[in-house]
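In: Structure for this input, please:
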Amino acid sequence: MKRARAPIHAALGMIIAASPGCSLESGGSADFESLADPGRDRGPLHTTREDAGLVPDTGSPDSAASDEGTDTGAGDTSASDTASADTGVIDTGTADTGTPDTGSADTGVSDTGSTDTGSDTGTTGLLTGTGMQPSYSIFPVNLTAEGTLDWAHWGRGSATAFDHKATGGTAITSGTPSAAPNWYGGYSESFSWSDGTPLTTMPATSTGIFFDTAGKNIVFTSAADNASTRTLKVYLAWNAGSTSTMGTITAHLSDSSAADWMGNIPPPGAAGGGNVPAIYTFTYRTASKPATVNITVKQTGGTFLSLLSATLK
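Out: As a prediction, this is how the structure comes out:
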């Protein structure tokens, strides 16, 4: 049997001799036989890779990222779980707290603009008037106390003199006469003030201007607006010797937002005589501003018609 295997032994010897780290011992046929016999004990060549299975057991298929990646990798904790879809712009962005909630639509010009507080136009004007013959006991009239916005007095010392409230801004104007008026200094009606200009203080004056010819008139104005209702009092005197009509007084709003008011002088119920007082009171408001109420005092008959004072509050 051994003779028949000699060629095999020789071939194995040549293979081992060519392998790194292998050597032949003298009389090495026993070693050749163990290498060729798979049932015999094997050396390091066989236990290094195939029996221990180092590469197949501990290689990349067992411990690579593909085994653990799907459990703890980006798939579980990646941006797709905690990204903007949960806490991003869509949840806390413009749609929740942005401009549409607090922008101009809530507090813009359309809420607090000119339509609400504008100075151009209101809704409608107002103009009413009354006339009366007062008692002489009301004089002297304190123009400062009564004319909280403004007051005016015509004729102190001359036919062209004009005194008014120093802080009134000339809300009541001096007016424009159709002809030069006359002056008189002995009226039964008297007036006082303590905040005037050009004369600061006047304890009492019985002066004024008058017309003595039919057709003459004077037109003056008083400030008006659409935000407040104002009251204007006009103090006149007349001397007709009777209760016959000797003049008219007309009020007109400059924006024509209410009908004109016109009354006769003397007022209804007045007693005849000479140098009789008359008071005309106007309550008014315009539909626009700036605006005025225009007062026209016109003589139509009689002996004389006087303009004395006016107050505004």
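
In: Please verify my assumption that H252 contacts D260.
Out: Yes: assessed by C-beta atoms under 8 Å, H252 is found in contact with D260 at 4.8 Å. (C-beta placed from N, C-alpha, C; glycine too.)

In: Neighbour count for these two, which is higher?
Out: H252 (20 against 13; other C-beta atoms under 10 Å).

In: Can you tell me how far the more buried one is from Y235?
Out: Using C-beta to C-beta, to the nearest Å, H252 is found at 20 Å from Y235.

In: In contact with the residue lying closest to T303 once chain neighbours are set aside, which residues are there?
Out: Using C-beta to C-beta, 6 or more residues apart in numbering and skipping the chain neighbours, the partner closest in space to T303 is N239 (5.2 Å). Contact analysis of N239 by C-beta atoms under 8 Å, 6 or more residues apart in numbering lists G273, G274, N275, V276, G302, T303, F304.

In: could these go into a markdown table alongside neighbour count?
Out: Conversion of the contacts of N239 to a markdown table gives the following (neighbours: other C-beta atoms under 10 Å):
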| residue | neighbour count |
| --- | --- |
| G273 | 14 |
| G274 | 12 |
| N275 | 15 |
| V276 | 21 |
| G302 | 20 |
| T303 | 13 |
| F304 | 19 |
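
In: how about low-confidence regions in this structure?
Out: For the chain, the stretches flagged by pLDDT under 70 are 1-123, 240-243.

In: If we use 90, what do you get?
Out: 1-124, 239-246, 268-275, 289, 301-303 (pLDDT under 90).

In: Buried residues, stretch 159-173. List them.
Out: A159, A161, F162, D163, H164, K165, G168, A171, I172, T173 (16 or more other C-beta atoms under 10 Å).

In: What's the end-to-end length of it?
Out: Chord length of stretch 159-173, first to last residue, is 15 Å (C-alpha to C-alpha, to the nearest Å).

In: since we're on T201, how many residues are nearby?
Out: Around T201 there are 10 residues (other C-beta under 10 Å).

In: hmm, I was thinking of L236
Out: 25.

In: Contacts only, for it.
Out: By C-beta under 8 Å, 6+ apart, the contact list for L236 reads I249, I265, P277, A278, I279, Y280, V297, L305, S306, L307, L308.

In: I'd like the residues you listed as TSV, with neighbour count, distance to A179 and secondary structure appended.
Out: What follows is those, written out as TSV (neighbours: other C-beta atoms under 10 Å; distance: C-beta to C-beta, whole Å; DSSP: H, G, I helix; E, B strand; the rest coil):
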residue	neighbour count	distance to A179	secondary structure
I249	24	18	strand
I265	25	18	strand
P277	23	24	strand
A278	25	22	strand
I279	18	25	strand
Y280	22	22	strand
V297	23	13	strand
L305	32	13	strand
S306	27	15	strand
L307	26	13	strand
L308	26	18	strand
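
In: Leaving out chain neighbours, which residue sits closest to I172?
Out: Excluding the flanking residues, the one nearest I172 by C-beta to C-beta, 6+ apart is A152, at 4.3 Å.

In: Please name the residues that touch that neighbour.
Out: Applying C-beta under 8 Å, 6+ apart, the residues contacting A152 are F162, D163, H164, K165, I172, T173, S174, F220, S309, A310, T311.

In: and with 7 Å instead?
Out: Going by C-beta atoms under 7 Å, 6 or more residues apart in numbering, A152 touches F162, H164, I172, S309, A310.

In: any idea how far the first one is from I209?
Out: Which is F162. Counting by C-beta to C-beta - F162 and I209 are separated by 10 Å.

In: Which residues are in contact with each of those two?
Out: By C-beta under 7 Å, 6+ apart, the residues touching both F162 and I209 are W154.

In: any idea how far P203 is from S244?
Out: Distance, P203 to S244, by C-beta to C-beta: 36 Å.

In: Also K165?
Out: Counting by C-beta to C-beta, the gap from K165 to S244 is 36 Å.

In: do the same with K289
Out: Distance from K289 to S244, by C-beta to C-beta: 40 Å.

In: Kindly report the same for E146.
Out: The value you get for E146 to S244, if C-beta to C-beta is used, is 30 Å.
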